[in-house]
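got a sequence here, can you build the structure:
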Amino acid sequence: MGKQARSSRREVERAAAAQAALRSQHRRKLLPYWIATGVVILGIAIAIPFVLTSGGGSTSTLTGLRVFAEHNHNHVTGTVTYDRTPPAGGAHSAIWLNCGVYNQPEKNENAVHSIEHGAVWITYQPSLSSVSVAHLQEFVRSHSTGTQGYLLLSPYPGLLSPVVASTWGAQLALNGPSDPRLAAFVARYAGGGQGGEPGGECTGGTGSPIT
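Presented below is the predicted three-dimensional model:
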């Protein structure tokens, strides 16, 4: 290889090395931006499900939620006069209502014991259409596993709202079975410890749900 050819080759190699160095320097400059972008994306990915499912994020989701202290956990016999319709805590029967779907009104005193165990009691106006009732029944069936299996569904005379979701110390009036706040309420409370007895039984009590 001649002197001129060798010199030309060295020039090409030096140019390639210089370009490689510039690319490496550019990557090093961009690295902090890549890391920062990755952190932001990861933060968003973590925050979205947290906002949708956690108690902290459900404040805006559960517009109209009423939360109150309920300290009476006494077991009683007979009928109890409650201060809410339907009740969401208070004195109750020693026998809980089995979780599931009912097509007739059930006794307050048994249902209140179930919500003490962490159940969510979904009640609806008896005049609700059969289509809406079927929608609610399917909702309960589709949430019948895990902690969200702690669900009761029954008609309830005298409701001021089409549907009301209740658990110990918390209640939410709903516009109907398609109200998205119902799923948010169930996700937040079903199987929870708000009644002071998390993991309490929701079967083996009284009542024969249709499903």
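
kindly list the main-chain dihedrals of H75?
phi -90, psi 130 (degrees, to the nearest 10).

tell me the bridge partners for it.
Beta-bridge pairing for H75 (DSSP bridges): H92.

show me what contacts it?
A91, H92, S93, A94, H113 (Cβ atoms under 8 Å, 6 or more residues apart in numbering). In short, each C-beta sits where N, CA and C put it, glycine included.

test my guess that the first one contacts E70.
No: applying Cβ atoms under 8 Å as the test, A91 and E70 come out as separate, 10.0 Å apart.

which one's more surrounded, these two?
Counting neighbours by other Cβ atoms under 10 Å for A91 and for E70 shows that E70 has the greater number, 21 against 16.

contacts only, for that one.
For E70, the contact set (Cβ under 8 Å, 6+ apart) comprises A88, G89, G90, W168, G169.

equivalent analysis for L152, please.
Counting by Cβ under 8 Å, 6+ apart, L152 makes contact with L97, C99, G100, Y102, E106, A111, S114, I115, A119, V120, W121, I122.

helix/strand/coil for it?
Using DSSP: H, G, I helix; E, B strand; the rest coil, the structure places L152 in strand.

nearest residue to it other than its sequence neighbours?
W121 (4.4 Å; Cβ to Cβ, 6 or more residues apart in numbering).
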